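Engineer: structural data only, the sequence is not supplied:
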Ligand SMILES: [Fe+2]
């Protein structure tokens, strides 16, 4: 894992940050293989989604001790560098790495325009780490972000009226303000779900494979 210590400020200011080479290509390859093995060995109840076009395993820290095929994920739950980053980001010692999701997504054959594929921000605030385990090129469903100023005002307005929903759609007209994260396996994006973002839809033949770490301030 690359040392990301120096990027806390940037995530605070911009809401997100792309980290190329967070994992080396060898590390990404190894985790890809272990992830596929986990998909094979996991029990049905460990699946958040298990459908034709989408497989998602949801894993907590205990699971990484109790199931040998999930051991490889324990590193992420106990990594001091990650922990320090999250503490510094939220400016508190009281943080938690809530869950890790392993997700493989493929092309469903139709492009949709619904949440979470529309630009939005979330009510519940998480700091998420999205690590690509396979190359993500245009059309492979990279996560997309808009600069912070696009939702700050709207967010304040909705908050003031007590009208904040779990996911709040943001109309972004200036496409130059939008940034789709593509990159080779091992690329990581750190982001605050409070910033305008959208999930990527896979539109080609490549199956996207992502390891996502969800963290937050303890509530
Ligand atoms: Fe979201």
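Structural biologist: Looks like it arrived, so ask away. Worth saying up front: this structure is predicted, and the values here are computed from it rather than measured.

Engineer: the residue nearest to the spatial centre of the chain: what's it in contact with?
Structural biologist: Closest residue to the average C-alpha location of the chain: residue 130 at 3.5 Å, with CA atoms, centre = their mean. Residue 130 makes contact with 143, 181, 188, 189, 191, 210, 211, 212, according to CB atoms under 8 Å, 6 or more residues apart in numbering. Using the backbone N, CA and C atoms, a C-beta is placed for each residue, glycine as well.

Engineer: tell me, how many neighbours does the third one end up with?
Structural biologist: The one in question is residue 188. 22 (other CB atoms under 10 Å).

Engineer: what's the longest helix in this protein?
Structural biologist: helix 25-41 (DSSP state H).

Engineer: the worst-scoring helix or strand of the chain on mean pLDDT packs against which elements?
Structural biologist: Across the helices and strands of the chain, mean pLDDT, DSSP states H and E gives its lowest value to helix 149-160, namely a mean of 74. Contacts defined by 3 or more CB pairs under 8 Å, 6 or more residues apart in numbering; DSSP states H and E place helix 149-160 against strand 167-169.

Engineer: in the strand it packs on, what counts as buried?
Structural biologist: Buried residues in strand 167-169, defined by neighbour count with 16 or more other CB atoms under 10 Å: residue 168.

Engineer: what comes into contact with that strand?
Structural biologist: Contact with strand 167-169 is made by 115, 116, 118, 119, 120, 121, 122, 123, 151, 154, 155, 158, as judged by CB under 8 Å, 6+ apart.

Engineer: residues near the fifth one, how many?
Structural biologist: Just to be clear, that refers to residue 120. Using other CB under 10 Å, residue 120 is surrounded by 19 other residues.

Engineer: which residues are in contact with it?
Structural biologist: 167, 168, 169, 170, 196, 197, 198.

Engineer: check the second one too.
Structural biologist: Contact analysis of residue 116 by CB under 8 Å, 6+ apart lists 167, 198, 199.

Engineer: which residues does the second one bridge with?
Structural biologist: By that I understand residue 198. residue 144 (DSSP bridges).

Engineer: which of the three states applies to residue 212?
Structural biologist: Secondary structure, DSSP: H, G, I helix; E, B strand; the rest coil: residue 212 is strand.

Engineer: separation between it and residue 73?
Structural biologist: 11 Å (CB to CB, to the nearest Å).

Engineer: any residues in contact with both of these two?
Structural biologist: Common neighbours of residue 212 and residue 73 (CB under 8 Å, 6+ apart) are residue 100.

Engineer: out of the contacts of strand 167-169, who has the most neighbours?
Structural biologist: Result: residue 121 is most packed of the contacts of strand 167-169 (other CB under 10 Å), 26 neighbours.

Engineer: more neighbours, residue 212 and residue 73?
Structural biologist: Neighbours per residue (other CB under 10 Å) separate residue 212 from residue 73, with residue 73 holding more: 23 against 18.

Engineer: from residue 192, how far off is the more buried one?
Structural biologist: Plainly put, residue 73 is 22 Å away from residue 192 if you go by CB to CB.

Engineer: before we move on, what about residue 91?
Structural biologist: 13 Å.

Engineer: do the same with residue 50
Structural biologist: 29 Å.

Engineer: tell me which stretches of the protein form strands.
Structural biologist: 16-19, 47-50, 54-59, 95-105, 120-122, 127-132, 144-146, 167-169, 178-180, 188-192, 197-198, 208-217 (DSSP state E).
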